[in-house]
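Student: got a structure for you, letters missing:
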């Protein structure tokens, strides 16, 4: 399926958004401090600008409401952000999870769709949902989540790990193919997957005929949230054909930056690293470390 | 191979199913739900055998163990039906809305030699386990004061049509949120002697509580303050926290970190120092076979499967342990129903002197005479109210 489109080359460094929205896997206290710090859009934009000016021009972001505001700024200044690229990750799971608790599954889906007619009918019990309807609902949700990026470059679209791993665990593997086809044909983007269970996901994608997928997972020296273990991941990187993106390389701060980057850059077949930073200083130092340990022209792949 | 069936495909049920299905020692032999469309989609897309009738599933799929993740009011009959067929049970929290079911069904499971476990997943969180370990070795000496909290953004406006918005089916902040910090407190300190100052507050919900506060009284003057609120938009997702103050120091823990201050008056455990030590989930957590939404959810299911395989009746979160939390929840409901006393009630009762014994939970605390009078009068009012109820 991959040869229908020209393959997009990903930058070596992608900029993540966890730090902007109070996501910190190590400390609730730090997460809260970051939430306060990035309350104003200006604070977010100044960090994004620092990343952009240091050559980190891909923003891998959730479909959080605040991202819509970032998109507005970028759209309004096309010259300033001429090379800015977005890699949206969807769905923003907490938005749905809280809605499911309040309104039930269909109620939650209805909330996020422009036209809830089909869901209303299913809720009233006047018709059941066929497999095709489920596919239809899923693709509508993808479209709804992508609306905020209209007019911007989104060459890669990610399915968020909670959804990937839920579908993977349930064995609902056809959903990956539905997502893959829809993202390619309707949006002209490359579908990609975030997972906490890398080896197992690659098996599932193989089974539904998705070749050489872009897959992002935790890859760090201490094995934090790497289900299948460090050794299993290393073998996977060595042997399996896929385009690896490493996240959580610092294990939320548990590994000193230099040690963390040196280890990851020494691994085979990693195409990109996604990282978050709250200051220009941290962006510059990550950039320098990556340049030092991972010279593109050396062809570490 | 452990054969497992699951009933209740809500948020928790789907999440349990997604984790248990890839477990190397488990075969899922049936799933059951009352909602046709979820069952339908799941059956067609994953090939798992589906049932719309719970008892039929138990009889036909003949699982060795069942996972029950239905609304809380359905737990008791479903647990009974499983135990009577000699099926091991993992049940979501809170266990039973009526503590009497806890007594009967704990006994039934013991009689038949069946493994029971309840979904209090915090017992599998590395940081909360570390707190338990520190308390057991007396790292902060005698604990006098405890603060147990849970906050999150569940109900943020008046609406809601799911079972969680109905008290009778086990909805509300008390059952859904407060149960978690309460279970931590009972894990660390057991059942309190009494509770007081309880309030179930509706903020946006019409029929249920959105916030719960209470004080748990323990022997020796120890108290635990419970504060929970699920209408808190400042939280991105649910947070559960526990803070403890002892003669030898202080501990704060949430699911990501444990911050410990040791005065140096008790022996300092290995890996700690006098003053502050902070440990993070990254160093306290092991990788499970499958990760969905937090290691603890995977680990609790793995523990259940391992216990069933070994027919190991003891373990974390047995019915007996969860029943203690159920009882405390019932105590808080009863206390909240009694309600607070107004100034007038207090002064009116102040002169009344009844010869009653020590009020539980106030053993070593030096109460001023007026306070003793207030407590006595409160107790006498409760006694009088109970007597009136009994007469009716």
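Tutor: All right, it came through fine. These figures come from a predicted structure and were not determined experimentally.
Student: contacting residues for residue A:18?
Tutor: By C-beta atoms under 8 Å, 6 or more residues apart in numbering or on different chains, residue A:18 lies in contact with A:24, A:276. Just so you know, the C-beta spots here come from the backbone N, C-alpha and C atoms, and that holds for glycine as well.
Student: how near is it to residue B:339?
Tutor: 45 Å (C-beta to C-beta, to the nearest Å).
Student: Buried residues of the helix or strand where residue A:52 lies, list them for me.
Tutor: Element membership for residue A:52 (DSSP states H and E) is helix A:41-53. For helix A:41-53, a neighbour-count test (16 or more other C-beta atoms under 10 Å in any protein chain shown) marks A:44, A:45, A:47, A:48, A:50, A:51, A:52 as buried.
Student: per-residue confidence averaged over it?
Tutor: Per-region confidence: helix A:41-53 scores 97 on mean pLDDT.
Student: tell me what that helix is packed against?
Tutor: helix A:65-76, helix A:280-293 (3 or more C-beta pairs under 8 Å, 6 or more residues apart in numbering or on different chains; DSSP states H and E).
Student: Now distance to residue B:96 too, for the buried residues of helix A:41-53, in CSV please.
Tutor: Output for the buried residues of helix A:41-53, formatted as CSV (distance: C-beta to C-beta, whole Å):
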residue, distance to residue B:96
A:44, 47
A:45, 52
A:47, 50
A:48, 51
A:50, 55
A:51, 53
A:52, 57
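Student: and which of the residues you listed is nearest chain B?
Tutor: Among the buried residues of helix A:41-53, residue A:44 lies closest to chain B (C-beta to the nearest C-beta), at 15.9 Å.
Student: give the contact list for the closest one.
Tutor: Here residue A:44 is in contact with A:20, A:38, A:66, A:70 (C-beta under 8 Å, 6+ apart).
Student: what number of residues lie near the residue in chain A positioned nearest to chain B?
Tutor: Nearest to chain B in chain A, going by C-beta to the nearest C-beta, is residue A:169, at a distance of 2.9 Å. Using other C-beta atoms under 10 Å in any protein chain shown, residue A:169 has 25 other residues around it.
Student: Can you mark which positions in the host helix or strand of it are buried?
Tutor: Assigned by DSSP H and E, residue A:169 belongs to helix A:161-170. When burial is assessed from 16+ other C-beta under 10 Å, helix A:161-170 yields the following buried residues: A:161, A:162, A:163, A:164, A:165, A:166, A:167, A:168, A:169, A:170.
Student: helices and strands around it, which ones?
Tutor: Looks like helix A:161-170 contacts helix A:174-187, strand A:190-195, helix A:198-207, helix B:11-20, helix B:36-46 (3+ C-beta pairs under 8 Å, 6+ apart).
Student: Please work out the angle formed by the directions of that helix and helix B:11-20.
Tutor: Using axes from the mean of the first three to the mean of the last three C-alpha atoms, to 10 degrees, the inter-axis angle of helix A:161-170 relative to helix B:11-20 is 60 degrees.
Student: Off-centre distance for helix A:161-170?
Tutor: Mean C-alpha position of helix A:161-170 versus that of the full chain (C-alpha atoms, centre = their mean, to the nearest Å) differs by 14 Å.
Student: Report the angle between that helix and helix A:174-187.
Tutor: 140 degrees.
Student: Now pLDDT too, for the buried residues of helix A:161-170, in JSON lines please.
Tutor: Shown next, in JSON lines, are the buried residues of helix A:161-170 (pLDDT from 0 to 100):
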{"residue": "A:161", "pLDDT": "95"}
{"residue": "A:162", "pLDDT": "92"}
{"residue": "A:163", "pLDDT": "93"}
{"residue": "A:164", "pLDDT": "96"}
{"residue": "A:165", "pLDDT": "96"}
{"residue": "A:166", "pLDDT": "95"}
{"residue": "A:167", "pLDDT": "95"}
{"residue": "A:168", "pLDDT": "97"}
{"residue": "A:169", "pLDDT": "97"}
{"residue": "A:170", "pLDDT": "95"}
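Student: Run through who's touching the helix holding residue A:169.
Tutor: Taking C-beta under 8 Å, 6+ apart as the rule, helix A:161-170 contacts A:91, A:93, A:173, A:175-176, A:193-197, A:200-201, A:204, B:14-15, B:17-19, B:21-22, B:42, B:45-46, B:290-293.
Student: Let me see the contact set for the residue lying closest to residue A:243 once chain neighbours are set aside.
Tutor: Here the nearest residue to residue A:243 in space, its sequence neighbours aside, is residue A:214; by C-beta to C-beta, 6 or more residues apart in numbering or on different chains that works out to 4.5 Å. For residue A:214, the contact set (C-beta under 8 Å, 6+ apart) comprises A:10, A:156, A:190, A:191, A:192, A:193, A:242, A:243, A:245, A:271.
Student: Please convert the helices and strands packed on helix A:161-170 to a markdown table, extending it with distance to residue A:144.
Tutor: Putting those into a markdown table (distance: least, C-beta to C-beta, whole Å) gives the following:
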| stretch | distance to residue A:144 |
| --- | --- |
| helix A:174-187 | 12 |
| strand A:190-195 | 17 |
| helix A:198-207 | 25 |
| helix B:11-20 | 21 |
| helix B:36-46 | 20 |
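Student: so can I have CSV of these showing mean pLDDT and distance to residue B:153?
Tutor: Listed next are the helices and strands packed on helix A:161-170 as CSV, based on pLDDT from 0 to 100; distance: least, C-beta to C-beta, whole Å:
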stretch, mean pLDDT, distance to residue B:153
helix A:174-187, 94, 27
strand A:190-195, 98, 23
helix A:198-207, 97, 30
helix B:11-20, 95, 15
helix B:36-46, 87, 24
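Student: Point out the most buried one among the ones you listed.
Tutor: When these are scored by mean count of other C-beta atoms under 10 Å in any protein chain shown, the highest mean neighbour count falls to strand A:190-195 (a mean of 24).
Student: Now do residue A:88 against residue A:194, distance only.
Tutor: For residue A:88, the distance to residue A:194 - C-beta to C-beta - is 12 Å.
Student: which neighbours do the two share?
Tutor: With C-beta under 8 Å, 6+ apart as the test, residue A:88 and residue A:194 both reach residue A:158.
Student: Am I right that residue B:145 falls within a strand?
Tutor: Yes: assessed by DSSP: H, G, I helix; E, B strand; the rest coil, residue B:145 belongs to a strand.
Student: Count the neighbours of it for me.
Tutor: 14.
Student: can you count the residues close to the residue lying closest to it once chain neighbours are set aside?
Tutor: Of all residues not flanking residue B:145 in the chain, residue B:245 sits nearest, at 4.4 Å (C-beta to C-beta, 6+ apart). Residues lying near residue B:245 (other C-beta under 10 Å) number 17.
Student: Okay, and residue B:245 sits in which element?
Tutor: strand B:239-246.
Student: pLDDT averaged over that strand - what is it?
Tutor: 98.
Student: Let me know the angle separating whatever helix or strand comes next after that strand from strand B:239-246.
Tutor: Using DSSP H and E, the helix or strand that follows strand B:239-246 towards the C-terminus is strand B:249-253. Calculated by the same axes, to 10 degrees, strand B:249-253 forms an angle of 170 degrees with strand B:239-246.
Student: Partner strands of strand B:249-253, with direction?
Tutor: strand B:239-246 (antiparallel), strand B:257-262 (antiparallel) (DSSP bridges).
Student: Quick one, which of the helices and strands packed on helix A:161-170 gets closest to residue A:30.
Tutor: Between residue A:30 and the helices and strands packed on helix A:161-170, the shortest gap by C-beta to C-beta is with strand A:190-195, which sits at 21.9 Å.
Student: what's that closest one in contact with?
Tutor: A:5, A:7-8, A:87, A:89, A:155-161, A:164-165, A:168, A:176, A:179-180, A:183-184, A:201, A:205, A:210, A:213-217, A:245, A:247.
Student: mean confidence score for the host helix or strand of residue B:337?
Tutor: Secondary structure assignment for residue B:337, by DSSP H and E: helix B:319-338. For helix B:319-338, mean pLDDT is 97.
Student: Stretch A:282-300 now?
Tutor: For stretch A:282-300, the mean pLDDT works out to 81.
Student: who touches that stretch?
Tutor: Residues contacting stretch A:282-300 (C-beta under 8 Å, 6+ apart): A:12-13, A:15, A:47, A:50-51, A:54-56, A:257-258, A:261-262, A:265-266, A:268, A:270, A:273, A:275, A:277.
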